[in-house]
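Engineer: Just the structure for this:
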Amino acid sequence: MQEPRTLLDRFFLIIKGLCMGAANKVPGVSGGIVAYVGGFYEEFIYSLQKVNLKAFKLLFSGRIKSFYRYINGGFLSLLIFGMLVSYFSVSRLLDYFLEQKELYVWATFFGMILGSIYYISKDFEHWNKRTIPAGIIGLIVGISISFLNPAKENDNLIFIFFCGMISVSGMTLPGLSGSFILILLGNYVLLLVDSVNALYDTMSEMLRGDFSFIKNTARMATLKILAVFTLGSATGLVTLSHVLGFVLKHYRHITNAVIIGFITGSLGVVWPWKKTLLQIDENGNALVDSNGKEIIANYQRYFPDFSNSETWWALFFVVIGISIFFGLDWYAKQNKTAV
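Structural biologist: Now for the predicted structure:
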């Protein structure tokens, strides 16, 4: 596998990591789509496959450079760095815009996914009696997931580990939103809002020399949850990569057909025109998280009102989203040596 050749390539690889991390944070959007249309999906999967027994033998024997080269460290380290930065910057910015201009954000993502469907299907010329049923199955599964009802929050550590393994699927399976899976499991707020904010606050305090959080029982419990979730995510990322690597090697066309169908089915999740349904307690009051934000239960979709100027602005942002993907396609063609 090829390492980034220039500083510009390295910079754009970090940007791709930022985009993957941000996409995986938004319910309905998959970080795997970014990797797929960005042209580095297979390298991402095969690099993760290299995190195996041989890699650990190299690491524990002190052969650090050999370990780094074996796992394609130059590629993975920059990409993962971008993802981590995303959780404390881009994703927080997205949280703000989702709160202030929710319709336009969803419209942009809807356009981006429309663009991604065109992008990955325009060169797929292998529709036959095996791939067509596979595509239909992917479509049905994608549609079905978008209409499931979420469970209630659960902070059991075994369940948290399971959430980590499942949610990371958004990084490895294009079209499957890890954050939306967490909403269905009931733990989106706990794991992608409360835990991330707790880590951010803790790091800020440590930089100021303040270690009083050690005595904060609630904070330490949240950090423990985040640690278990991270361990589950790492386990799931490596495990899924081995499964996907095998599937891509032996059933490439069927896999691509399923992905195209699945991404198409997932359009229902990011449909811009929807009303937010909140989680309600037994007294009919909306439940809130530790930051005072109302907890989302699901969405009620509706058709847009074309007499409303806001609808036309939303359509404009759909076009913007599509244009972003055409821009990425143009960049990929102009920079064939980029990772």
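
Engineer: For stretch 102-119, output the C-alpha coordinates as PDB.
Structural biologist: Taking C-alpha atoms only, stretch 102-119 is exported to PDB below (Å, rounded to 0.1, in the frame of the first residue of the first chain):
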ATOM      1  CA  GLU A 102     -31.400  21.500  11.200                       C
ATOM      2  CA  LEU A 103     -33.400  21.400   7.900                       C
ATOM      3  CA  TYR A 104     -30.500  22.800   5.900                       C
ATOM      4  CA  VAL A 105     -28.000  20.400   7.500                       C
ATOM      5  CA  TRP A 106     -30.200  17.400   6.700                       C
ATOM      6  CA  ALA A 107     -30.800  18.700   3.200                       C
ATOM      7  CA  THR A 108     -27.000  19.000   2.600                       C
ATOM      8  CA  PHE A 109     -26.400  15.400   3.800                       C
ATOM      9  CA  PHE A 110     -29.300  14.200   1.700                       C
ATOM     10  CA  GLY A 111     -27.700  15.700  -1.300                       C
ATOM     11  CA  MET A 112     -24.400  14.200  -0.500                       C
ATOM     12  CA  ILE A 113     -25.800  10.800  -0.200                       C
ATOM     13  CA  LEU A 114     -27.700  11.200  -3.500                       C
ATOM     14  CA  GLY A 115     -24.300  12.200  -5.000                       C
ATOM     15  CA  SER A 116     -22.600   9.200  -3.400                       C
ATOM     16  CA  ILE A 117     -25.300   6.800  -4.900                       C
ATOM     17  CA  TYR A 118     -24.600   8.200  -8.300                       C
ATOM     18  CA  TYR A 119     -20.800   8.100  -7.800                       C
END
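
Engineer: distance between the ends of stretch 31-43?
Structural biologist: 15 Å (C-alpha to C-alpha, to the nearest Å).

Engineer: do the same with stretch 148-162
Structural biologist: Span of stretch 148-162 from end to end, C-alpha to C-alpha: 19 Å.

Engineer: Could you give the average pLDDT over that stretch?
Structural biologist: Stretch 148-162 shows a mean pLDDT of 81.

Engineer: gap between it and the chain center?
Structural biologist: 18 Å (C-alpha atoms, centre = their mean, to the nearest Å).

Engineer: same check, this time on stretch 195-211
Structural biologist: 24 Å.

Engineer: What residues of that stretch count as buried?
Structural biologist: 195, 196, 197, 198, 199, 202 (16 or more other C-beta atoms under 10 Å). (Each C-beta comes from the backbone N, C-alpha and C, glycine too.)

Engineer: What about those residues, which are in strands?
Structural biologist: Per DSSP state E, strands hold no members of the buried residues of stretch 195-211.

Engineer: Of the residues you listed, just say which sits nearest to residue 111.
Structural biologist: residue 196 (26.8 Å; C-beta to C-beta).

Engineer: Let me see the residues that make contact with stretch 314-325.
Structural biologist: Contact with stretch 314-325 is made by 37, 103-104, 107-116, 118-119, 272-273, 304, as judged by C-beta atoms under 8 Å, 6 or more residues apart in numbering.

Engineer: Switch the buried residues of stretch 195-211 over to CSV; also include distance to residue 224 and pLDDT.
Structural biologist: Compiled in CSV, those are given as follows (distance: C-beta to C-beta, whole Å; pLDDT from 0 to 100):
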residue, distance to residue 224, pLDDT
195, 10, 83
196, 14, 78
197, 15, 79
198, 10, 84
199, 11, 85
202, 12, 89
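
Engineer: Among the residues you listed, which lie within helices?
Structural biologist: Applying DSSP state H to those, the entries found in helices are 195, 196, 197, 198, 199, 202.

Engineer: ok, the buried residues of stretch 195-211 vs residue 262, which is closest?
Structural biologist: Distances from residue 262 to these, taken by C-beta to C-beta, are shortest for residue 196, at 26.8 Å.

Engineer: How about the secondary structure of the residue nearest to that closest one when sequence neighbours are not counted?
Structural biologist: Spatial nearest neighbour of residue 196, excluding adjacent residues (C-beta to C-beta, 6 or more residues apart in numbering): residue 87 at 5.7 Å. Three-state call for residue 87 (DSSP: H, G, I helix; E, B strand; the rest coil): helix.

Engineer: Tell me which residues touch residue 87, please.
Structural biologist: 21, 25, 196.

Engineer: can you map out the strands along the protein?
Structural biologist: Counting by DSSP E, the strands of the chain are 274-278, 296-301.
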